[in-house]
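# Here's a sequence, model it:
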Amino acid sequence: MSKGKMVLTLFLTFLKIGAFTFGGGYAMIALLEEEFVGKRKWLTHEEFLDIIAIGESTPGPIAINSATFIGFRQAGFFGSLFSTLGVVIPSVIIITAISLVFDRFMEFKYVQYAFEGIRVCVVYLIFTAGLRMFKGLKKKPHSFVIFSAVAVTFIAFYLFGLSFSSIICILVCGCVGLFVYAYESIRKKREGGAER
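Okay, here's the model as predicted:
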């Protein structure tokens, strides 16, 4: 596939994803995985998880970060530019249109019912994406320890009505991951030296 055709494909794919995803970036994860890992085979599941981790831990919305990263990986600068535009354009158009008539728009009972249904669907999409990512984790002890610690912490904070910054959680988990990686690297070097 030529670079120009790849850029056009990326733009149209992200335009479609941006137009039909409700609930923000987290709800989009399942669609991104289905499109780029399942359907197009452009990414492995492991690479996709890494992209989501990078997209979440860098500033900005996860949907835009992921689109930029995937676009750049597939077609360089123009791939990232048009992927980002593709995912943003539908939201800008829809939000602009709704903001002009928002008060009157929300007065319709059928619109309220539709939004209630969409909320349920968004929860399902986010839960499904999280479950898929959890299943895709490498089955290593530290992955389960970090996951369990985060889950228990968030549940405890929620039950006791305490606020907890997700930014701190990301930073702490990133530091723990670096520590575990450094520890395993040192251990492997020592084992390799001992074998000699």
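# among the helices and strands of this protein, which has the poorest mean pLDDT?
Each helix and strand of the chain was given a mean pLDDT (mean pLDDT, DSSP states H and E); the minimum falls on helix 102-107 at a mean of 72.
# Past that one, which element shows up next along the chain?
helix 109-136 (DSSP states H and E).
# immediately after that following helix, which helix or strand?
Remark: after helix 109-136, the chain's next helix or strand is helix 141-159, criterion DSSP H and E.
# what residues does that next one touch?
With C-beta atoms under 8 Å, 6 or more residues apart in numbering as the test, helix 141-159 has contacts from Phe134, Leu137, Ser163, Phe164, Cys169, Cys173, Val176, Gly177, Val180. Bear in mind the C-beta positions are built from the backbone N, C-alpha and C, glycine included.
# what about the biggest helix by length in the chain, average pLDDT?
Using DSSP state H to define each element, the chain has its longest helix at helix 62-100. What helix 62-100 shows for mean pLDDT is 88.
# what about Leu131, how many neighbours?
Number of residues near Leu131 (other C-beta atoms under 10 Å) recorded here: 11.
# ok, it to Phe147 distance?
Leu131 sits 12 Å away from Phe147, going by C-beta to C-beta, to the nearest Å.
# quick one: the most centrally placed residue in the chain from Thr128, how far?
Nearest to the geometric centre of the chain sits Ile52, at 4.3 Å (C-alpha atoms, centre = their mean). In this view, Ile52 and Thr128 are 14 Å apart by C-beta to C-beta.
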